[in-house]
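Asks: What shape does this take:
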Amino acid sequence: MACPHATAAAAYVKSFHPTWSPAAIKSALMTTAAHVKSPRDYTVFASGSGNIDPVKAKFPGLVYDIGDVDYVRFLCGQGYNEERLQLIRTQTVTNVGSPLSTYKVAVEAPAFLHIHVQPSELSFTSAGEKQSFVVTVNATIVATDLSGSLVWDDGVHKVRSPVIAF
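Replies: Numbers count the residues shown, from 1 in each chain. The predicted structure follows:
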């Protein structure tokens with residue numbers, strides 16, 4: 001039943017933001033989802049971003065908005081081997097929260113997964129403002145996949161993005 005629920009949640013968010021792209025709506029749903037606390041062997045592949053919360057997704061604070069070119073660049077950049085992964089990615093977010101807001105990043109990652117975000121703080125002066133940051137991921141795959149997350153927090157919104165290496 002996940003698909004009907006997610007579809008209804010997306011329609012609900014779209015009713016508040018009719019000009020948002022499908023990627024922006026997906027971002028709002030994913031980054032405001034409640035993180036699933038799980039057993040040790042339970043990975044992000046099993047839980048995804050977590051349990052969606054349509055009420056929080058109405059006003060997520062920031063959204064990732066991507067287009068076709070972004071998907072192609074991502075797929076072209078997947079040249080890694082099974083033992084070592086380094087991915088450097090520039091991400092852009094749009095402020096859909098308070099016009100004057102500052103988000104600080106927090107990274108959660110296990111051993112062998114290193115996530116670096118630059119800059120570590122994004123300060124916005126208007127709604128609709130876009131800012132970019134660079135995420136560098138280094139991982140040593142020992143036995144299975146590794147998962148962590150980065151969270152942008154302005155004290156009101158927690159915009160969580162899962163990071164996985166496999």
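
Asks: For T136, which non-adjacent residue is closest in space?
Replies: Spatial nearest neighbour of T136, excluding adjacent residues (C-beta to C-beta, 6 or more residues apart in numbering): H116 at 4.5 Å. Backbone N, C-alpha and C define where each C-beta goes, glycine included.

Asks: and that neighbour, what helix or strand is that in?
Replies: H116 is part of strand 113-118, with elements assigned from DSSP states H and E.

Asks: Output that strand in PDB with nothing but the alpha carbons.
Replies: Presented in PDB, the C-alpha positions along strand 113-118 are these (Å, rounded to 0.1, in the frame of the first residue of the first chain):
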ATOM      1  CA  LEU A 113      32.000   5.900   5.300                       C
ATOM      2  CA  HIS A 114      33.200   9.500   5.300                       C
ATOM      3  CA  ILE A 115      30.900  12.300   4.200                       C
ATOM      4  CA  HIS A 116      32.200  15.800   3.900                       C
ATOM      5  CA  VAL A 117      29.900  18.800   3.100                       C
ATOM      6  CA  GLN A 118      31.300  22.200   2.100                       C
END
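
Asks: Tell me the buried residues in that strand?
Replies: 113-115, 117 (16 or more other C-beta atoms under 10 Å).
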